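K.L.:
Kindly return the folded structure for what I paste below:
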Amino acid sequence: MTRQLHVLAPGLLTTVQDRGRSGWRHLGVAHAGALDVDAARIANRLVGNDGDAAVLEFTLRGPTLRFDAPSRIAIVGASPIARFEGETVHAGRPVELPAGTLELGALRGGARAWLAIDGGIDVEPVLGSRSTDLRGGFGGLDGRALREGDVLPLGMGSARQLDRPQAPTWWIDPAHDTHLPIRYRPSAHPSASALARRSWTISASSNRQGLRLQGDALPAAGGDGVSEPVAPGTIQLPADGCPIVLLADAQTVGGYAKLGHVIAADLPRLAQCVPGQPLHFAPVDAATAHRLACAARARIARIGVMIDARLPAI
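P.N.:
Presented below is the predicted three-dimensional model:
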């Protein structure tokens, strides 16, 4: 039987995302995808999906969803107040649900979380990805955030028929070290090193395209306005002297001066920055960036091994 997911309330910003859209940046197509690909991959692993299956990404406050058939879910990222038909549902573990309504409330400890459902969100791929490109207006469900009344198709599931939610006693906590500064590879711009000597605050105007920072403005001289390639993690310096850290929905080229690039290991942490939160930076060299990237990949691999060892016990 074809399963469907009904959106009773959309939350503040809920979109369909997967690993992102690769191989199209030379044509001006943004990467899109989950702002924390590792979290989405772990959520998928918890429900037995391929790591690139489409999930729901929600921001600050989650949606209310009605499942019309039994499903297995997992929530990874910031922890929401979650209830299924009035019963508390915990994050970081596989949860088997009967048909019914799941309410995902305000997030605690971060800005975003990812909901994986066994079988994945089965919307039509566009340019090889099911991710929503909000700026381009394509992918996901009609290229937009979810709305009340939307119906999402689900892939083939494997959940059992139960009378109430069922979950194991173990859980996975893939949280990052939030007390550490965001590490970056500085550019040759005169203000690149000064970025780390000042304190910044996340602006309320931040979005999936980029984190806008507020603070003591940096000298913006040195940019010639000539557009050049940018990518998620690029730190731009516009004329007002307040940096922008590009995220998954970033444009492919930009004319602002560049202060450097956030290292791969720290990109997932940017997804959890909330408006008003302080942010600090620390420069690192290429060798350190490579070492930290390898350590991050090894950590995700270890988490995957632990999940696989426990899933048969569900």
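K.L.:
any chance you could map the helices in the stretch 201-314 of the chain?
P.N.:
Here the stretch 201-314 of the chain has its helices, by DSSP state H, counting those that start in this stretch, at 267-270, 286-310.
K.L.:
Residues in contact with the longest one: which ones?
P.N.:
By CB atoms under 8 Å, 6 or more residues apart in numbering, the list of residues contacting helix 286-310 from outside reads 38, 41-42, 45-46, 168, 170, 172, 174, 183, 185, 263-266, 284. (Glycine included, C-beta is placed from N, CA and C.)
K.L.:
So which bits of it are buried?
P.N.:
Buried residues in helix 286-310, counted by 16 or more other CB atoms under 10 Å: 289, 292, 296, 300, 303, 307, 310.
K.L.:
and the fifth one, how far is that from R297?
P.N.:
Read it as I303. Distance of I303 to R297, computed by CB to CB, to the nearest Å: 11 Å.
K.L.:
ok, and the most crowded of the contacts of helix 286-310?
P.N.:
Each of those was scored for neighbours by other CB atoms under 10 Å, and L46 scores highest at 28 neighbours.
K.L.:
Distance of that one relative to R212?
P.N.:
For L46 relative to R212 (CB to CB), the value is 33 Å.
K.L.:
follow-up on the earlier one: format the buried residues of helix 286-310 as TSV; extra columns: distance to Q4 and pLDDT.
P.N.:
Converted to TSV, those look like this (distance: CB to CB, whole Å; pLDDT from 0 to 100):
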residue	distance to Q4	pLDDT
A289	44	98
L292	42	97
A296	36	94
I300	31	94
I303	31	94
I307	27	93
R310	29	88
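K.L.:
So which of those residues is the closest to H6?
P.N.:
Closest approach to H6 among the buried residues of helix 286-310 (CB to CB): I307, at 28.5 Å.
K.L.:
so how far is stretch 74-91 from its chain's centroid?
P.N.:
17 Å (CA atoms, centre = their mean, to the nearest Å).
K.L.:
next one: stretch 148-157
P.N.:
With CA atoms, centre = their mean, you get 20 Å for stretch 148-157.
K.L.:
in it, what's buried?
P.N.:
Buried, per 16+ other CB under 10 Å, within stretch 148-157: 150, 152, 154-155, 157.
K.L.:
Mind listing the residues bridging to A116?
P.N.:
Beta bridges link A116 to A74 when assigned by DSSP bridges.
K.L.:
For it, give me its contacts.
P.N.:
Applying CB under 8 Å, 6+ apart, the residues near A116 are 40, 43-44, 46-47, 49, 53, 55, 73-76.
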